[in-house]
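> no letters, just coordinates:
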């Protein structure tokens, strides 16, 4: 009887975790560069052994589920904004916050700061192969650029070179962890590489930069909705199993009082 209660509750906990992950995926279906999360079950052998009174570690790992991220490319959307950048292929932009910490992201929606740096909407600076990319610094130090007042054209090539008035001011740094499973999500768009992962600099030909485009979330709304309905039904089924067993156990206790 108690095993049935334990089995049903464990299944409900797994369903709850899956529901939370799916809900977060749906909430970020329109977030630029968002990568959907998925859940997998682990330690099932330990769980089965524990049900048969074999020593295991299922109690220390409740619920026996883990999550991972789907890094497949999302759909491309053209915006015609010169500071909207999308990566076609593998790799991540490297951005740096005010404390000097570096993050990896696929969200390529950037703006130009007052000091001439290309930044994200939350203030992180886009990194180039030679450090933070600063257009103003190059503009003021290169008289060939500053004396040319006929245009202020910002162009980004397919290989990541940034040109201002047709003069190169930097090249976007793209990194790829050797194992994406070791990436840890910090926000809906940003990841950090853990100590277990080494970042590999991507070479030309392994990616293409699309200026004036954004990569949308890779969440399939219809699939996530169907999954949430299935999980909700599974959760309700587990709840009914617990209610039924609880009622049966209560009747058994009541009957035992007469003996």
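Sure thing, it's come through. Keep in mind the model is a prediction, meaning the values are calculated, not measured. Residues are numbered from 1 along each chain as shown.

> stretch 72-86: which residues count as buried?
For stretch 72-86, a neighbour-count test (16 or more other Cβ atoms under 10 Å) marks 74, 83-86 as buried. All C-beta spots, glycine's among them, are computed from the backbone N, C-alpha and C.

> ugh, typo on my part, it should be stretch 159-179
Quick answer for stretch 159-179 (16+ other Cβ under 10 Å): 160-162, 164-165, 169-177.

> start and end of that stretch, how far apart?
Taking Cα to Cα, to the nearest Å as the measure, stretch 159-179 stretches 23 Å from start to finish.

> quick one: mean pLDDT for that stretch?
Averaging pLDDT along stretch 159-179 yields 89.

> secondary structure class for residue 217?
Secondary structure for residue 217, judged by DSSP: H, G, I helix; E, B strand; the rest coil, is coil.

> that one: neighbour count?
23 (other Cβ atoms under 10 Å).

> could you dump the buried residues of stretch 72-86 to TSV with distance to residue 211?
Shown next, in TSV, are these (distance: Cβ to Cβ, whole Å):
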residue	distance to residue 211
74	17
83	8
84	7
85	6
86	8
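
> out of the residues you listed, which comes closest to residue 245?
Among the buried residues of stretch 72-86, residue 74 lies closest to residue 245 (Cβ to Cβ), at 44.3 Å.

> ok, the residue nearest to that closest one when sequence neighbours are not counted - contacts?
Leaving out its chain neighbours, the residue that sits closest to residue 74 by Cβ to Cβ, 6 or more residues apart in numbering is residue 218, at 4.0 Å. When contacts are counted by Cβ atoms under 8 Å, 6 or more residues apart in numbering, residue 218 touches 34-36, 70, 72-75.

> reformat the residues you listed as JSON lines; add secondary structure and distance to residue 230.
Formatted as JSON lines, the contacts of residue 218 follow (DSSP: H, G, I helix; E, B strand; the rest coil; distance: Cβ to Cβ, whole Å):
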{"residue": "34", "secondary structure": "coil", "distance to residue 230": "22"}
{"residue": "35", "secondary structure": "coil", "distance to residue 230": "22"}
{"residue": "36", "secondary structure": "coil", "distance to residue 230": "16"}
{"residue": "70", "secondary structure": "coil", "distance to residue 230": "18"}
{"residue": "72", "secondary structure": "coil", "distance to residue 230": "22"}
{"residue": "73", "secondary structure": "coil", "distance to residue 230": "26"}
{"residue": "74", "secondary structure": "coil", "distance to residue 230": "24"}
{"residue": "75", "secondary structure": "coil", "distance to residue 230": "25"}
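
> reformat those as CSV; add pLDDT and distance to residue 223.
Shown next, in CSV, are the contacts of residue 218 (pLDDT from 0 to 100; distance: Cβ to Cβ, whole Å):
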residue, pLDDT, distance to residue 223
34, 94, 15
35, 93, 15
36, 93, 9
70, 91, 11
72, 91, 13
73, 92, 16
74, 92, 14
75, 92, 14
